[in-house]
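[1] Sharing a model prediction with you, sequence too.
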Amino acid sequence: MRHSTSITLIAATSLHLLACASSRRFPTDDPFAGVSAVVDSDSMNTPLQRLISGCREKNPASCFELGVWYFSGDQATRNLQKAASLFEQSCDLGDSNGCLNLGIMRAQGNGVDRDYEIAQSQLTRSCDLGNPQGCLRLAQLIMATSHPDKAKVRSLLDKARLLLEDACKAGQAEGCRMLGLAYRDGTIVVANQTTAFQYFSKSCDLGSSPGCVQTGFMYANGLGVAKNGPKALNLLEPVCAEPIHDACVIIGQLCLGGSGVPVNYARSKLLFEAACSASNLSACVSLGDLYREGKGVKKSPYTASEIYGRACDKGDVDACFWWAATETPGLTFRVGTKPDVLTQACNSGSPVGCLGAMVMHARRLVSGASQSSALEYQKKACDLGVKKFCR
């Protein structure tokens, strides 16, 4: 199980920061033009119409929520331009989340013109309004420039930490959860798994389902706390039922044995299948493992390879590694973009990516592969700390 680090909406997406000359703001015309004409009197009290009315009355939360709807396409037809316009309105009305999402959209060029200066301005405002994610995103933006101001970055990270600490002390579960992530990964503070566990546990106690997932994961793996499978299971069962598939995957892994939880391969398979069908790639890797190892199912490297391959095509590096490493005599491989996933991961500092590329080249699964190219990837894996592959 890999850690889940998603935050909210756009904030989980990586930034691709290329400056653009345009400084154009979004049109100031009514983003709801044409909407009222198709809303009859019987639908005036629908959630959509209430949000529209609230935004027109300059309620920043209504504008922001509408922006989320149009960005995600879950409850309204997806329209990134309209989403950006609504985020801008909420930001102008003092909503830090509107400034945050607009800044990220500008930095990414996601549905709008990419513009570094406007992105920095919006993220600065989000940070100034007390949003720790705004401070963190602004720090990322500055670090991506050719000559980053490291002192300013350090100042922003310190401010983000203080804002998160204040939020957690005030009983805000998300502030506690984000502090847990910071201590787990060593991003804005020195990594400390025990402190990470404490913050995750507090966020869970405050009602954060993602916080409970992280707490359960740490109990299941003995990170920052004594390993305790039954405690992990008790925490994760209600979260899995929501359903949050990361929780279900951890339960599935607990049911494989060695954790104090009774072995139940059948339940593991059902949980992995459901989560994999919902595009949880960790679940797909775990499901492939069952077929590769023959746990609760008939051992089938071919089925395992097919499952790994589908997850690999969606960008999962672990899946790509096992796709390359699983022996499937006589199977005609559909290589596709798999070498690119592994090579890019390796070049980004992933030991698993380098090992997968090594195996792929050693097995001649990619054109131009040779023993020499396989050894090059082996050396990269060694340089990244996989000592048993050092020669």
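    On my side now, so go ahead. Numbering: from 1, shown residues only.
[2] In terms of secondary structure, what does the helix or strand bottoming out on mean pLDDT in the chain contact?
    Taking mean pLDDT, DSSP states H and E as the measure, the helix or strand of the chain with the lowest value is helix 338-347, at a mean of 86. Helix 338-347 is packed against helix 301-313, helix 317-325, helix 351-362, helix 371-383, with contacts defined by 3 or more C-beta pairs under 8 Å, 6 or more residues apart in numbering; DSSP states H and E. For every residue, glycine as well, the C-beta is placed using N, CA and C.
[3] Just give me how far that helix sits from the chain centre.
    Centroid separation for helix 338-347 versus its chain: 19 Å, with C-alpha atoms, centre = their mean, to the nearest Å.
[4] Would you mark the buried spots in it?
    When neighbours are counted by 16 or more other C-beta atoms under 10 Å, the buried residues of helix 338-347 are found to be 338-339, 341-343, 345-346.
[5] Considering those residues, which is situated nearest to Ser305?
    Within these, proximity to Ser305 (C-beta to C-beta) peaks at Lys338, which comes in at 11.2 Å.
[6] residues contacting the closest one?
    With contacts defined as C-beta atoms under 8 Å, 6 or more residues apart in numbering, Lys338 is in contact with 309, 312-313, 320, 323-324, 360.
[7] hmm, back to that, TSV for the buried residues of helix 338-347, including distance to Ser201?
    Compiled in TSV, the buried residues of helix 338-347 are given as follows (distance: C-beta to C-beta, whole Å):
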residue	distance to Ser201
Lys338	39
Pro339	42
Val341	35
Leu342	36
Thr343	39
Ala345	32
Cys346	35
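[8] Can you tell me which of those residues lies closest to Val112?
    Closest to Val112, out of all of the buried residues of helix 338-347 and judged by C-beta to C-beta, is Val341, at 28.2 Å.
[9] Which residue is the nearest non-sequential neighbour of that closest one?
    Computed as C-beta to C-beta, 6 or more residues apart in numbering, the closest residue to Val341 that is not its neighbour in sequence is Cys320, at 5.0 Å.
[10] still on that earlier bit, quick check: angle from the least confident helix or strand of the chain to helix 301-313?
    Between helix 338-347 and helix 301-313, the angle comes out at 60 degrees (axes from the mean of the first three to the mean of the last three C-alpha atoms, to 10 degrees).
[11] rewinding a little: which among the buried residues of helix 338-347 gets closest to Ser96?
    For the buried residues of helix 338-347, the residue nearest Ser96 by C-beta to C-beta is Ala345; the value is 33.8 Å.
[12] Wait, that closest one touches Val352, no?
    Yes: shown here, Ala345 and Val352 form a contact pair, counting by C-beta atoms under 8 Å, at 6.9 Å.
[13] picking up where we left off before, can you add distance to Ser208 and mean pLDDT and give the helices and strands packed on helix 338-347 back as TSV?
    Converted to TSV, the helices and strands packed on helix 338-347 look like this (distance: least, C-beta to C-beta, whole Å; pLDDT from 0 to 100):
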stretch	distance to Ser208	mean pLDDT
helix 301-313	27	91
helix 317-325	26	88
helix 351-362	29	89
helix 371-383	36	91
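[14] Identify whichever of those helices lies nearest to Cys168.
    Of all the helices and strands packed on helix 338-347, helix 317-325 sits nearest to Cys168, with 31.8 Å by C-beta to C-beta.
[15] export the closest one as CSV, just CAs?
    Provided in CSV are the C-alpha atoms of helix 317-325 (Å, rounded to 0.1, in the frame of the first residue of the first chain):
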residue,chain,number,x,y,z
VAL,A,317,5.4,2.4,-11.5
ASP,A,318,5.1,-0.6,-9.2
ALA,A,319,2.7,-2.2,-11.6
CYS,A,320,5.2,-1.6,-14.5
PHE,A,321,7.9,-3.2,-12.5
TRP,A,322,5.9,-6.4,-11.8
TRP,A,323,4.6,-6.4,-15.4
ALA,A,324,8.2,-6.5,-16.6
ALA,A,325,9.4,-9.0,-13.9
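[16] Determine how far that helix lies from the middle of the whole chain.
    Going by C-alpha atoms, centre = their mean, where helix 317-325 is centred and where its chain is centred differ by 20 Å.
[17] just checking, what packs against that helix?
    Here helix 317-325 is seen to pack against helix 281-293, helix 301-313, helix 338-347, helix 351-362 when contacts are counted using 3+ C-beta pairs under 8 Å, 6+ apart.
[18] Tell me which of those approaches Tyr183 most closely.
    Within these, the stretch nearest Tyr183 is helix 281-293; the backing value is 22.0 Å (C-beta to C-beta).
[19] what is the orientation angle of the closest one with helix 301-313?
    Going by the same axes, to 10 degrees, helix 281-293 makes 160 degrees with helix 301-313.
[20] Return the set of buried residues in helix 281-293.
    Of all the residues in helix 281-293, those buried under the rule 16+ other C-beta under 10 Å are 281-292.
[21] Please apply the same query to stretch 294-309.
    Using 16+ other C-beta under 10 Å as the test for burial, stretch 294-309 gives 296-297, 301, 303-309.
[22] Stretch 181-194 now?
    181-184, 187-189, 193.
[23] Spatially, which two of these are the most separated?
    For those, the maximum inter-member distance is 15.7 Å, found between Ile188 and Gln193 (C-beta to C-beta).
[24] In CSV, list the helices and strands packed on helix 317-325 along with distance to Lys150.
    Conversion of those to CSV gives the following (distance: least, C-beta to C-beta, whole Å):
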stretch, distance to Lys150
helix 281-293, 34
helix 301-313, 37
helix 338-347, 24
helix 351-362, 27
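[25] Of all these, which one is nearest Asp115?
    helix 338-347 (26.3 Å).
[26] Could I get the full set of helices for the stretch 101-250 of the chain?
    In the stretch 101-250 of the chain, the segments counted as helices under DSSP state H, counting those that start in this stretch are 116-128, 132-143, 150-169, 173-185, 193-205, 209-221, 229-240, 245-254.
[27] How about residues contacting the fourth one?
    Contacts to helix 173-185, defined as C-beta under 8 Å, 6+ apart, come from residues 3, 5, 7, 132-133, 161, 163-168, 187-189, 191-193, 195-200, 202-204, 206-208, 210-211, 214, 223.
[28] Repeat the analysis, applying 6 Å as the threshold.
    With contacts defined as C-beta atoms under 6 Å, 6 or more residues apart in numbering, helix 173-185 is touched by 164, 167-168, 188-189, 192, 195-196, 199-200, 202-203, 206-208, 210-211, 214.
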